[in-house]
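K.L.:
Please work out how this folds:
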Amino acid sequence: QVQLVETGGGLVQPGGSLRLSCAASGSIFSIDTMRWYRQAPGKQRELVAVIISGGSTGYADSVKGRFTISRDNANKNTVYLQMNSLKPEDTAVYYCNADIRDRGTPTLTRGYWGQGTQVTVSS
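P.N.:
As a prediction, this is how the structure comes out:
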């Protein structure tokens with residue numbers, strides 16, 4: 001069984017910072033691409049940031065220069081999203097997503113989702 005658990009959400013004032021963490025656990029053989037999505041009330045879920053196994057990253061235009069995605073150097077099963085200069089429009093539930101091969105079926109890649117963590121940017 002593989003699980004993704006996000007932590008680090010909360011309430012922050014405009015201009016503030018938060019760091020989200022997503023830890024993958026369970027019977028993991030390898031993790032390829034990891035992503036952060038977000039979904040605001042009444043809107044579709046959107047891709048925020050992505051990091052592939054080689055370390056290359058990509059960002060939505062709306063967060064470029066403000067958000068940074070990274071993977072833990074010691075534990076490659078953990079991904080972070082550093083969010084700076086937060087704006088009210090960043091308010092959403094943030095979800096972690098990862099392409100994972102489990103030990104039971106190491107040739108098969110499946111997509112897994114975390115349960116989400118709420119980020120609210122408000123004064």
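K.L.:
Any idea how many residues pack against Val48?
P.N.:
Neighbourhood size, Val48 [other CB atoms under 10 Å]: 23. No exception for glycine: its C-beta is placed from N, CA and C like everyone else's.
K.L.:
quick one: contacts for the nearest residue to it once chain neighbours are set aside?
P.N.:
Closest residue to Val48 apart from its sequence neighbours, by CB to CB, 6 or more residues apart in numbering: Trp36 at 4.5 Å. If you count contacts by CB atoms under 8 Å, 6 or more residues apart in numbering, Trp36 has them with 20, 22, 47-50, 69, 79, 81, 94-97.
K.L.:
Only the buried subset of those, as a PyMOL command please.
P.N.:
Of the contacts of Trp36, the buried ones go into a single PyMOL selection, burial set by 16 or more other CB atoms under 10 Å:
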select buried, resi 20+22+48+49+50+69+79+81+94+95+96+97
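K.L.:
Strands of the chain, start to end?
P.N.:
2-7, 10-12, 18-26, 28-39, 46-51, 57-59, 67-71, 78-83, 92-102, 109-113, 117-121 (DSSP state E).
K.L.:
May I see the ones you listed arranged in a markdown table, with mean pLDDT as well?
P.N.:
Converted to a markdown table, those look like this (pLDDT from 0 to 100):
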| stretch | mean pLDDT |
| --- | --- |
| strand 2-7 | 96 |
| strand 10-12 | 98 |
| strand 18-26 | 97 |
| strand 28-39 | 96 |
| strand 46-51 | 98 |
| strand 57-59 | 98 |
| strand 67-71 | 97 |
| strand 78-83 | 98 |
| strand 92-102 | 97 |
| strand 109-113 | 97 |
| strand 117-121 | 98 |
